[in-house]
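Chemist: The sequence isn't on hand, but the structure is:
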Ligand code: MG
């Protein structure tokens, strides 16, 4: 069990307010997404959720006519959801798991809070499948939004970006607020999609300061979208992610985000990796 870090508790509150910004550029009447008043990311070229950052190019990952059943997990995987129950999960503050199981899938109950794994993980390989609602509702960050928060802190964005633009670092497969996916590999809403992730946890010195940042590699529907990307720190909205004194932590649970949309999940498993 773990409690949400304070910054994430604030984010969760903000998150339910659907943090997206849709405005119209007066000159060309094209909608723009994101912000122009947020801090600059390292390198100084782009801001957090930068409205002017190029969007990831769309790549069709290949979509079968019918969704195949999930592939069985490998023999050494820790299975967190096999389609049957939420026995390996709980809710915020140690409460019972607030989401439901329907037709072999976990379904978010909007505004019921997070779903948090009972088990904690450090370095690991994660497989997760998700399906955004069909027909889609909303736009920008308000369409099929959830998130995979590794170690309950570091968000790989889940969003329906099939014909739904948003700011670059908020796309599905982004390290949210930090690094856009290399490409937009979304399948249509209502179709099963996969994340395969290699996670290398941050290391902290005995005094709690950062020794080595986290790194993440992500495949979305089999397509590489994060290539050993350095993670700047726990997820933040409209603010620069950073490791702060006091952020030192050990192994921690996986957290699935409730952003108010009934996203579905299935076939979730983890393989711990040796350091
Ligand atoms: Mg999200």
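Modeler: Okay, I see it. Because the structure is a prediction, the values reported are computed rather than measured.

Chemist: how close does residue 223 get to residue 137?
Modeler: Counting by CB to CB, to the nearest Å, the gap from residue 223 to residue 137 is 26 Å. C-beta here means a position set from N, CA and C on the backbone, and glycine is covered the same way.

Chemist: and the two? which has more neighbours close in?
Modeler: Counted by other CB atoms under 10 Å, residue 223 and residue 137 do not tie: residue 223 has more neighbours, with 19 against 13.

Chemist: Would you mind measuring from the spatially closest residue to the more buried one that is not a sequence neighbour to residue 171?
Modeler: What sits nearest to residue 223 in space, not counting adjacent residues and going by CB to CB, 6 or more residues apart in numbering, is residue 185, at 4.0 Å. The gap separating residue 185 from residue 171 is 10 Å, by CB to CB.

Chemist: For those two, work out which one has more neighbours and name it.
Modeler: The residue with more neighbours, out of residue 185 and residue 171, is residue 185; 27 against 24, by other CB under 10 Å.

Chemist: For the residue in the stretch 101-250 of the chain that the ion sits nearest to, give me its contacts.
Modeler: For the stretch 101-250 of the chain and the ion, the shortest gap (CB to the ion) falls at residue 147, measuring 3.3 Å. By CB atoms under 8 Å, 6 or more residues apart in numbering, the contact set of residue 147 is 155-158, 176, 235, 256-257, 259.

Chemist: next one: residue 76
Modeler: Taking CB under 8 Å, 6+ apart, we find residue 76 in contact with residue 271.

Chemist: One more: residue 98?
Modeler: Listed by CB under 8 Å, 6+ apart, the contact set of residue 98 reads 91-92, 109, 112-113, 115, 258.

Chemist: Spatially nearest residue to it, not counting backbone neighbours?
Modeler: That would be residue 112: by CB to CB, 6+ apart, it lies 3.7 Å from residue 98.

Chemist: ok, the one you found touching residue 91?
Modeler: Yes - using CB atoms under 8 Å, residue 112 is in contact with residue 91, at 7.4 Å.

Chemist: hey, what's the residue nearest to residue 73 when sequence neighbours are not counted bridged with?
Modeler: Of all residues not flanking residue 73 in the chain, residue 269 sits nearest, at 4.2 Å (CB to CB, 6+ apart). Beta bridges link residue 269 to residue 79, residue 127 when assigned by DSSP bridges.

Chemist: With residue 226 instead?
Modeler: Assigned bridge partners for residue 226, using DSSP bridges, are residue 218.

Chemist: Relative to residue 216, how far out is it?
Modeler: 5 Å.

Chemist: which residues are common contacts for these two?
Modeler: 156, 175.

Chemist: In three-state terms, how would residue 243 be classified?
Modeler: What DSSP: H, G, I helix; E, B strand; the rest coil gives for residue 243 is coil.

Chemist: Buried ones only from the contacts of residue 98, please, as a PyMOL command.
Modeler: Remark: buried members of those, expressed as a PyMOL selection using 16 or more other CB atoms under 10 Å:
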select buried, resi 91+92+112+113+115+258
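
Chemist: Among the contacts of residue 98, which lie within helices?
Modeler: Using DSSP state H, no member of those sits in helices.

Chemist: Including pLDDT, could the contacts of residue 98 go into TSV?
Modeler: TSV is the format used below for the contacts of residue 98 (pLDDT from 0 to 100):
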residue	pLDDT
91	98
92	98
109	98
112	98
113	98
115	98
258	98
